[in-house]
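Participant: Any chance you can model this:
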Amino acid sequence: MQEPLWKKIAPLRGIAICLVVANHAGQSATAAFVLARERLSPYEEPLAFLTVSLVRALTPVCLIAFVFASGFMAFRFMRTPAQALPAASQMLRRYLGWSGFVLCLLALRHRAIDVPLTLHDLALGSAMPAYWFLLTLIPLYATGPFWIRLCTERPKTMLALATALQAASCVKFYTVDLNTSGPLPVWDMMLIRPLRFLPAFLVGMLVSRDADRVGSWLATHRRSLSLVTALYGGLCLADAFALDELADFRWSQMDRVFSTERPALILFAALCVSLAIAADFQRPRLQAWLANVGSASLGIMFLMDFFIVGATKLWWQLAGLTSQGGARALSHHTLPPSFADASLWITPALFAIGLWGPLKIMELARKALGPRARYLW
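Facilitator: Numbers count the residues shown, from 1 in each chain. Just a heads-up that it's a prediction; the model follows:
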């Protein structure tokens, strides 16, 4: 008997949050590697180039998958303002609490507080790398009942709207974003970012509306979907390679190649999500573990960068203790060449620390605080 599709959404969130952690771990691990060179050519360093491409060019599918799963569940559990607004306000309170905590730590470290800069960071979700994404979800949750009603009454119109918004977002990426230097203005970050992810949110609602039919169709075509997804993953990497080559493999330009606005990556994300909800989990323990990770996604978002940044700083301190001239290099925010080159390969360790660290903290908090721990995440 085919498992109801809605039961697969929690494991899908688990897969997505694992990719989120992998993305952040990859960015932290490649930071020193990047600073040590102006360009990364596949002809000079093929293994390093392939590793960076796999980690940074494919893991951004996590954002689309996570928003899709959020839209799917919102359609079922946030159908009225009485359901949606408390969920959005709870996330906002937790976001403000954790962001305020981080910004207070920074103020204590610098022994000064810049109020305009603090408000600016709160508005953009800049306290920690992952917090901007949480801030983007809040208006989507708050407006959920409005989108649910439209998806229920006019599904074809909403699918056309999602397609048009996604196309406009891709056009903006190639015509404006790639030619823009410096930080984006506040209004762009606060308004454009939610609109960028609205298509995935709407598609999640539309799939939830016809979950049984969609789930049955995907399960029937599971094998074909697996083959197409694998082949297209290669094409997505080829697309990233082509864009990198246009940028002469320079880091200053390559970083924008890893945006979620790449049409190739968007289609790859859609295939990955389809494959995940079509999958027939043969290992109940794996499905249960992924579901638990998915249910803990908010806490992982709040905590993972503490662990990843901390582990990265320890790596830099190790360089200062063991490498000749390391302490002098640390004072100039550079790593000795041997450590800079090796930093790329600590990605798996950072991933493990960034995932299991928050899970362990959440487990300890539940034991110590009981039901009150839910107010933290």
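Participant: Longest helix of the chain, counting residues only.
Facilitator: helix 81-110 (DSSP state H).
Participant: average model confidence for that one?
Facilitator: For helix 81-110, mean pLDDT rounds to 90.
Participant: and it, how far out from the chain's middle?
Facilitator: How far helix 81-110 lies from its chain's middle: 18 Å, per Cα atoms, centre = their mean, to the nearest Å.
Participant: and that helix, what does it pack onto?
Facilitator: helix 61-77, helix 115-124, helix 131-142, helix 144-153, helix 297-322 (3 or more Cβ pairs under 8 Å, 6 or more residues apart in numbering; DSSP states H and E). (Each C-beta comes from the backbone N, C-alpha and C, glycine too.)
Participant: which other residues reach the helix or strand where E245 lies?
Facilitator: Using DSSP states H and E, E245 falls within helix 222-246. Residues outside helix 222-246 that contact it (Cβ atoms under 8 Å, 6 or more residues apart in numbering): 42, 53-54, 57-58, 218, 254, 257-258, 262, 264-265, 267-268, 271-272, 274-275, 278-280.
Participant: Would you mind checking those residues for buried ones?
Facilitator: 42, 53-54, 57-58, 218, 254, 257-258, 262, 264-265, 268, 271-272, 274-275, 278-279 (16 or more other Cβ atoms under 10 Å).
Participant: between the host helix or strand of V273 and helix 61-77, how big is the angle?
Facilitator: Element membership of V273, judged by DSSP H and E, is helix 263-278. Helix 263-278 and helix 61-77 are oriented at 50 degrees to each other (axes from the mean of the first three to the mean of the last three Cα atoms, to 10 degrees).
Participant: and helix 263-278, how far out from the chain's middle?
Facilitator: On Cα atoms, centre = their mean, the centre of helix 263-278 falls 15 Å from the chain's centre.
Participant: Over to stretch 209-216?
Facilitator: For stretch 209-216, the distance to the chain centre is 26 Å (Cα atoms, centre = their mean).
Participant: now stretch 144-155
Facilitator: For stretch 144-155, the distance to the chain centre is 26 Å (Cα atoms, centre = their mean).
Participant: which regions of the stretch 151-300 of the chain sit below the pLDDT cut-off?
Facilitator: 177-190, 251-259, 280-282 (pLDDT under 70).
Participant: at 90 instead, please
Facilitator: In the predicted model, the stretch 151-300 of the chain carries pLDDT under 90 at residues 166-197, 210-223, 225-226, 229-292, 294-295.
Participant: tell me which residues in stretch 115-129 are buried?
Facilitator: 118, 121-122, 124-129.
Participant: before we move on, the earlier item: possible to save the helices and strands packed on helix 81-110 as TSV with distance to L355?
Facilitator: Below are these laid out as TSV (distance: least, Cβ to Cβ, whole Å):
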stretch	distance to L355
helix 61-77	13
helix 115-124	26
helix 131-142	16
helix 144-153	28
helix 297-322	7
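Participant: Among the ones you listed, which comes closest to Y95?
Facilitator: Nearest to Y95 among these is helix 131-142 (5.2 Å), distances taken as Cβ to Cβ.
Participant: tilt between the closest one and helix 61-77?
Facilitator: 30 degrees.
Participant: Residues contacting helix 131-142, please?
Facilitator: Outside helix 131-142, the residues that reach it (Cβ under 8 Å, 6+ apart) are 20, 63, 66-67, 70-71, 74, 78, 84-85, 87-88, 91-92, 95, 98-99, 124-126, 189, 193-194, 197-198, 201, 298, 301-302.
Participant: Run a quick neighbour tally on the closest residue to F307 other than its chain neighbours.
Facilitator: Of all residues not flanking F307 in the chain, G357 sits nearest, at 3.7 Å (Cβ to Cβ, 6 or more residues apart in numbering). Counted with other Cβ atoms under 10 Å, the neighbours of G357 add up to 19.
Participant: Give me the phi and psi angles of G357.
Facilitator: G357 adopts backbone torsions of phi -60, psi -60, taken as degrees, to the nearest 10.
Participant: which residues does it contact?
Facilitator: So G357 contacts 303-304, 306-307 (Cβ under 8 Å, 6+ apart).
Participant: Is there a neighbour count for A69? I'd like the number.
Facilitator: 30.
Participant: try the one 3 residues further on
Facilitator: The local packing count at F72 equals 27, with neighbours defined by other Cβ under 10 Å.
Participant: Tell me the spacing between it and A84.
Facilitator: 14 Å (Cβ to Cβ, to the nearest Å).
Participant: Please apply the same query to F133.
Facilitator: 19 Å.
Participant: Which one's more surrounded, the two?
Facilitator: A84 (22 against 17).
Participant: Quick check: closest non-adjacent residue to that one.
Facilitator: Nearest non-adjacent residue to A84, counting by Cβ to Cβ, 6+ apart: M78, 4.0 Å away.
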